[in-house]
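**Student:** Pasting a predicted model and its sequence here:
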Amino acid sequence: MLTILPAERQDILSKENIENSENITAFICAEDEKEIGYAVIKQNGYIIEILSLCLNLENESNNLIYYDSILRAIGSFALNHSCFYVECSKIELFSTLSSLRFTENNSKMTATLDRLLGH
């Protein structure tokens, strides 16, 4: 079973060189209790910024399914925190995000929550 839950994980923040603050949240993606990836986000007012998105899978053929699940969890979090957009400025994620309902806008990939969550 796949779970994606917010968690306090200083090890991930340190690994990604992200300073912990009140508006930073890490999400852990696990399948059958084995950690397979994570995301780190920052809430800036009504915008959620993806700071990091990582999967550690042996078989990469299902990556988009897992990324989609993580992004939907982030979208749900954003909805519950009165946010309207999710954005990312990490160029190495642009290809993945463009496959998952994000569009490029001013050197960032962005998605509205209705587009991201399919509402």
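**Tutor:** Great, that's in hand.

**Student:** going forward, measure contacts and count neighbours with C-alpha atoms only.
**Tutor:** Noted.

**Student:** Next, the buried residues of the lengthiest helix in the chain.
**Tutor:** Counting by DSSP state H, the longest helix found in the chain is helix 63-80. The neighbour-count check on helix 63-80 (16 or more other C-alpha atoms under 10 Å) flags 66-75, 77-79 as buried.

**Student:** from the chain's centre, how far out does that helix sit?
**Tutor:** Centroid separation for helix 63-80 versus its chain: 6 Å, with C-alpha atoms, centre = their mean, to the nearest Å.

**Student:** Output it as PDB, nothing but the C-alphas.
**Tutor:** Output in PDB follows, covering the C-alpha atoms of helix 63-80 (Å, rounded to 0.1, in the frame of the first residue of the first chain):
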ATOM      1  CA  ASN A  63       8.000   6.900 -11.700                       C
ATOM      2  CA  LEU A  64       5.200   9.100 -13.200                       C
ATOM      3  CA  ILE A  65       2.600   7.200 -11.200                       C
ATOM      4  CA  TYR A  66       4.500   7.800  -7.900                       C
ATOM      5  CA  TYR A  67       5.300  11.400  -8.800                       C
ATOM      6  CA  ASP A  68       1.600  12.000  -9.600                       C
ATOM      7  CA  SER A  69       0.600  10.500  -6.200                       C
ATOM      8  CA  ILE A  70       3.100  12.700  -4.400                       C
ATOM      9  CA  LEU A  71       1.900  15.800  -6.300                       C
ATOM     10  CA  ARG A  72      -1.700  15.000  -5.500                       C
ATOM     11  CA  ALA A  73      -0.800  14.700  -1.800                       C
ATOM     12  CA  ILE A  74       0.900  18.100  -2.000                       C
ATOM     13  CA  GLY A  75      -2.200  19.500  -3.800                       C
ATOM     14  CA  SER A  76      -4.400  18.200  -1.000                       C
ATOM     15  CA  PHE A  77      -2.100  19.800   1.600                       C
ATOM     16  CA  ALA A  78      -2.300  23.100  -0.400                       C
ATOM     17  CA  LEU A  79      -6.100  23.000  -0.600                       C
ATOM     18  CA  ASN A  80      -6.200  22.400   3.200                       C
END
